[in-house]
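S.K.: pasting the sequence and the predicted model now:
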Amino acid sequence: MSAARSRWIFSRGVDLGVFAGSAAAALLLVWAGAAAGLLQGDAPEWTWVTAVLLVDVAHVWSTGFLVLDARERALHGRLWLAVPVVGYAAGVALYTAGGAASFWRALAYLAVFHFVRQQWGWVALYRARAGERDRTGRIVDAAAIYAATLYPLIHWHAHLPRRFVWFVPGDFASGLSAALARATFPLYLLALATYAIRSLVRAWRGVATPGKDVVVATTAACWWLGIVALDSDYAFTVTNVLIHGVPYFALVFVVARARGVRALVGDRRAALTCFLGALWAVAFVEELLWDRAVWHERTWLFGSPWPTLASLRPWLVPLLALPQLSHYVLDGFIWRRRHREDAPF
């Protein structure tokens, strides 16, 4: 592996496109939304379609492309079967015992854990690419990316209610003191400043990892803006979703093509069209089921609600949430480098 190649997970162009590009798009949308007066009230419906449906929901299903590869089934086959079965049983039990509030709270915190860990995962991949194994560097990197994500979450919990939620109103536990947010803010600044100084020193020495710097900087910027600086459903949606889902699309697409998944071999543009088209179709069907059976919010897109299914919700809601839950859990196992001889990072 060449030194130049080791700086990037995919390539310079793809990395900058999916990490810097998705963040730039999110920040541009926030700026445009502020100019258009969209920061107050609920996010407009077009935001839900483009960010939630076509990115957030679709990226959950993208992991399924790995199941099409025989080696993946051989490596993690039991896990792919066990997680949905156990997850559904746990979801039904939680919904039955604790009701909808307990179910959505548990799923929200699992999602938060997944979102935070994914940002560390990108940093860890860049460290592996560059051959960084020093303990001090790992501590500095981990402190920066966890500060960039955890401090905004602390601030959020200390200033409930907000105009935005993770899944449903009340899914985050209230009662965290604002004093804790104030006390941890200097640590947040210290972690990011330490990372910035170390990165500048490394760049001066000619050992920079620009991709990792982009991930840390864009994570800090988007999480701060979307959660701390602005109390806006629109701003939170675009900053939260784009930098999470777009890079994950790239990861699955590159790995699936490299492993010869039949639907994605051949011409790259045709393969990408197939990849996104399939994911968007499945995402639409999932959200149609959610809306007709549970939410009843977007008849203009999904049609009239089905007759009341309230008695079936303890069984239905965990079933509809199963793709999300499975994605959150599986993602913590299938990308572990030590488990993948052909990992592209």
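M.R.: Received the coordinates, thanks. Numbers count the residues shown, from 1 in each chain.
S.K.: what distance do you get for residue 263 to residue 28?
M.R.: Noted for residue 263: a distance of 32 Å to residue 28, by CB to CB, to the nearest Å. Any C-beta I mention is one placed from the backbone N, CA and C, and that applies to glycine too.
S.K.: count of residues packed around residue 35?
M.R.: 9 (other CB atoms under 10 Å).
S.K.: again but with residue 14, I slipped
M.R.: Neighbours of residue 14 (other CB under 10 Å): 17.
S.K.: could you check how far the residue nearest to it when sequence neighbours are not counted is from residue 269?
M.R.: Nearest residue to residue 14, sequence neighbours excluded (CB to CB, 6 or more residues apart in numbering): residue 250, at 6.2 Å. From residue 250 across to residue 269, the span is 15 Å (CB to CB).
S.K.: these two: who's more crowded?
M.R.: Taking neighbours as other CB under 10 Å, residue 250 and residue 269 compare with residue 250 leading, 19 against 8.
S.K.: contact partners for residue 59?
M.R.: Contacts for residue 59 (CB atoms under 8 Å, 6 or more residues apart in numbering) come out as 244-246, 248-249, 279.
S.K.: now do 7 Å
M.R.: Contact analysis of residue 59 by CB atoms under 7 Å, 6 or more residues apart in numbering lists 245, 248-249.
S.K.: just the element for the spatially most central residue of the chain, please.
M.R.: Most central in the chain under CA atoms, centre = their mean is residue 244, positioned 3.6 Å from the mean C-alpha point. If you go by DSSP states H and E, residue 244 is part of helix 233-258.
S.K.: same thing with residue 286?
M.R.: Using DSSP H and E, residue 286 sits within helix 268-290.
S.K.: what's in contact with the helix or strand that that helix is followed by?
M.R.: Next helix or strand after helix 268-290 toward the C-terminus (DSSP H and E): helix 299-302. Around helix 299-302, the neighbours that count as contacts under CB under 7 Å, 6+ apart are 287-288, 291-292.
S.K.: could you rerun that using 10 Å?
M.R.: With contact meaning CB atoms under 10 Å, 6 or more residues apart in numbering, helix 299-302 is reached by 45, 48-49, 53, 284-285, 287-292, 295-296, 305.
S.K.: all helices of the stretch 101-250 of the chain, in order?
M.R.: 135-158, 178-204, 210-223, 233-258 (DSSP state H, counting those that start in this stretch).
S.K.: these: which one's closest to residue 36?
M.R.: Of all the helices of the stretch 101-250 of the chain, it is helix 233-258 that lies closest to residue 36, at 9.5 Å by CB to CB.
S.K.: what helices or strands is that closest one leaning on?
M.R.: Applying 3 or more CB pairs under 10 Å, 6 or more residues apart in numbering; DSSP states H and E, we find helix 233-258 packed against helix 12-15, helix 21-35, helix 45-47, helix 58-62, helix 70-130, helix 210-223, helix 268-290, helix 322-334.
S.K.: in that helix, which residues are buried?
M.R.: Neighbour counts using 16 or more other CB atoms under 10 Å place 233-257 of helix 233-258 among the buried residues.
S.K.: between helix 70-130 and that helix, find me the angle.
M.R.: In terms of direction (axes from the mean of the first three to the mean of the last three CA atoms, to 10 degrees), helix 233-258 departs from helix 70-130 by 110 degrees.
S.K.: relative to helix 210-223, how tilted is helix 233-258?
M.R.: 150 degrees.
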